[in-house]
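Asks: 3D, please:
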Amino acid sequence: MAKILLKNVNTLVTMVPGEKPLHNVDLLISGKKIEAIGPNLQIPEGARVRTIDGTNRVVYPGLVNTHHHLYQTLTRNLPKVQNAKLFDWLVGLYEVWRELTPEAVEVSTQVGLGELLLSGCTTTTDHFYVFPQSAPEEFLDVEIDTARRMGVRFHPTRGSMSRGKSCGGLPPDDVVQSPEAILKDCDRLIAKYHDPKPFAMCRIVLAPCSPFSVTTELMKETAAYARTKGVFLHTHLCETKDEESFTMQVLGKRPLAYMEECGWVGPDVWYAHGIYFNDDEIKRLAETGTGVAHCPGSNLRLGSGICKVPQLLREGVRVGLAVDGSASNDSSSMTREMQLALNVHRVGTGVDQMPPQDVLKIATTGGASILGQPEIGQLKPGMAADIAMYRLDRVEYAGAMHDPASAILFCGAGARADYTIVNGKVLVAKGKLVGLDEEALFARANEVAAKMVENAERKTGVSYR
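Replies: Model prediction:
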């Protein structure tokens, strides 16, 4: 069995509870798992070993991204919606997202996953919920197949919208689907791709988009159906005050009460954003084991607010970190997101309320808990060989070696990984994607993005640029 040896790692952050960072140690990978950690590890004679120099490097468990919209990498930085709040932002962008094609899904997935890998992310979700009537039936399959070829550990969430404009929702009617079509495709995807076993590389999650784009009946049916299949549930919740007003006026309840009525709480459920939970609701999240994906970059970019992450953690709520969609964050970098999470909670909450250790926790073990994969998020023998390594011998870290474990959080501007290893395979080496030409991908993605925007402008008569 092929082995990989990370030799003489300056600082190794295991994220094992109670364990401090290790210094000047080796880490040995055998196949898909970590075999050993310690100083001067001895390799059996004759073994096939690839050695990677860990000098002046810091190593973490592979980062875990708990919420994303990969297709949005093609619609970031559009002037028309640069200053829009969430609802206006959505209404404007739906016109472009109606133009999604299989090629657009493939290239946007390559861009988003490539950017995640380059930031040290090894496991990611994706919330895919735009299914134009012109799209083929096996639309989400394009994304799943692309992720499989790229080698990431993937939790695609089969999103859905069933409440279009004609029924009081935000999305155009030609990107919503009937409940029957949605649940039929969920069944197909679970049968084809879902792997419940430990160390799984693909698990399907069911994810109606939000309370304002999905009917109550579909919310309830999805929850009941997911539990018969043993798959997790995910949706947006408490992202904006507008959403809260909608649920109060249309549904007669606050968002969390409505979701609980629909069967949407429990350890198999997590919400994206969770900004506007009140104190009692935070306690209820902890009691039910319901998780929250924290998306600081998107929340800042759209002016939505700041999630009460320090309070959530104190109350025992499971929290993961997420980059969210690239049209609201304009980035898929997990290290940039970690820096934002470190700093945003120091305003108002208190400078001591978000230590770097908590940021690392939500970016690794927190995400692993939310996704139900305890074999990722920590570095110790027997765990998955999912690893992120960063070079510290760069000018942006000069003078920062007093605490190498926290350097990429406090210094630089969203570190690029030196090596990213997933399931025992090197996917980023010396800061470059393995087997994927970044310049060619850049050109192809911009060509596809331009075509989508041009089509939307022609049909709407509105300039997006």
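Asks: For the rest of this, base every contact and every neighbour count on C-alpha atoms.
Replies: Noted.
Asks: same for the helix or strand where A407 lies, what does it pack against?
Replies: Assigned by DSSP states H and E, A407 belongs to helix 407-410. When contacts are defined as 3 or more C-alpha pairs under 8 Å, 6 or more residues apart in numbering; DSSP states H and E, helix 407-410 packs onto helix 334-344.
Asks: average pLDDT for the helix it packs on?
Replies: In this model, helix 334-344 carries a mean pLDDT of 97.
Asks: thinking again about what came up before, how far does the helix or strand just after the helix holding A407 sit from its chain's centre?
Replies: Sequence order places strand 419-422 as the next helix or strand after helix 407-410, per DSSP H and E. Distance of strand 419-422 from the chain centroid (C-alpha atoms, centre = their mean, to the nearest Å) equals 17 Å.
Asks: Parallel or antiparallel, which strands does strand 419-422 pair with?
Replies: strand 387-391 (antiparallel), strand 425-429 (antiparallel) (DSSP bridges).
Asks: the strands in the stretch 51-200 of the chain, which residues?
Replies: For the stretch 51-200 of the chain, the strands defined by DSSP state E, counting those that start in this stretch occupy 57-61, 63-65, 121-128, 153-160.
Asks: is it possible to export the ones you listed to CSV including distance to T14 and mean neighbour count?
Replies: Output for these, formatted as CSV (distance: least, C-alpha to C-alpha, whole Å; neighbours: other C-alpha atoms under 10 Å):
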stretch, distance to T14, mean neighbour count
strand 57-61, 6, 26
strand 63-65, 12, 32
strand 121-128, 15, 27
strand 153-160, 19, 25
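Asks: Redo those strands as JSON lines? Include distance to L285 and mean pLDDT.
Replies: Shown next, in JSON lines, are the strands of the stretch 51-200 of the chain (distance: least, C-alpha to C-alpha, whole Å; pLDDT from 0 to 100):
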{"stretch": "strand 57-61", "distance to L285": "27", "mean pLDDT": "98"}
{"stretch": "strand 63-65", "distance to L285": "20", "mean pLDDT": "98"}
{"stretch": "strand 121-128", "distance to L285": "21", "mean pLDDT": "98"}
{"stretch": "strand 153-160", "distance to L285": "21", "mean pLDDT": "97"}
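Asks: V319 is nearest to which of those strands?
Replies: strand 63-65 (11.2 Å; C-alpha to C-alpha).
Asks: Can you give the contact residues for that closest one?
Replies: Defining contact as C-alpha atoms under 8 Å, 6 or more residues apart in numbering, one finds that strand 63-65 is touched by 120-125, 320-323, 334, 363-364, 367-368, 377, 387-388.
Asks: mind checking how far it is from the chain centre?
Replies: Worked out by C-alpha atoms, centre = their mean, strand 63-65 lies 6 Å from the chain centre.
Asks: Then stretch 407-415?
Replies: Using C-alpha atoms, centre = their mean, the offset of stretch 407-415 from its chain centre is 19 Å.
Asks: who's in contact with that stretch?
Replies: 119, 333-339, 342, 356, 390, 392, 396-397, 400-401.
Asks: can you pick the most crowded of the residues you listed?
Replies: S119 (29 neighbours; other C-alpha atoms under 10 Å).
Asks: Can you give me the buried ones in stretch 210-217?
Replies: Under the neighbour-count criterion of 16 or more other C-alpha atoms under 10 Å, stretch 210-217 has 210-216 buried.
Asks: Just send the residues you listed back as TSV, with pLDDT, secondary structure and distance to K165 too.
Replies: Formatted as TSV, those follow (pLDDT from 0 to 100; DSSP: H, G, I helix; E, B strand; the rest coil; distance: C-alpha to C-alpha, whole Å):
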residue	pLDDT	secondary structure	distance to K165
S210	89	coil	14
P211	84	coil	14
F212	80	coil	10
S213	86	coil	9
V214	90	coil	11
T215	91	coil	12
T216	93	helix	16
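Asks: can you put the residues you listed in JSON lines and add distance to T247?
Replies: Listed next are those as JSON lines, based on distance: C-alpha to C-alpha, whole Å:
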{"residue": "S210", "distance to T247": "11"}
{"residue": "P211", "distance to T247": "7"}
{"residue": "F212", "distance to T247": "8"}
{"residue": "S213", "distance to T247": "11"}
{"residue": "V214", "distance to T247": "12"}
{"residue": "T215", "distance to T247": "12"}
{"residue": "T216", "distance to T247": "11"}
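Asks: Which of the residues you listed sits closest to A191?
Replies: Among these, and counting by C-alpha to C-alpha, the member closest to A191 is V214, at 23.8 Å.
Asks: which phi and psi does that closest one have?
Replies: Per-residue torsions, V214: phi -140, psi 140 (degrees, to the nearest 10).
Asks: Surely it is in contact with K165?
Replies: No. With contact defined as C-alpha atoms under 8 Å, V214 does not count as touching K165 (11.4 Å).
Asks: ok but H23 is inside a helix, no?
Replies: No. Going by DSSP: H, G, I helix; E, B strand; the rest coil, the assignment for H23 is strand, not a helix.
Asks: how long is stretch 384-392 end to end?
Replies: Terminal residues of stretch 384-392 are spaced 24 Å apart (C-alpha to C-alpha, to the nearest Å).
Asks: which parts of it are buried?
Replies: For stretch 384-392, the neighbour count (16+ other C-alpha under 10 Å) marks 384-392 as buried.
Asks: now for those, which pair is the farthest apart?
Replies: Of all pairs in the buried residues of stretch 384-392, the most separated under C-alpha to C-alpha is A384 and L392 at 24.4 Å.
Asks: ok, how many other residues are close to I376?
Replies: Neighbour tally, I376, other C-alpha under 10 Å: 29.
Asks: now it: how far from S210?
Replies: 28 Å.
Asks: again, but for P136
Replies: P136 is 23 Å from S210, by C-alpha to C-alpha.
Asks: could you check the distance from the closest residue to A135 other than its chain neighbours over to L140?
Replies: Distances taken as C-alpha to C-alpha, 6 or more residues apart in numbering put T101 closest to A135, at 6.4 Å, once the chain neighbours are dropped. Computed as C-alpha to C-alpha, the T101 to L140 distance reads 11 Å.
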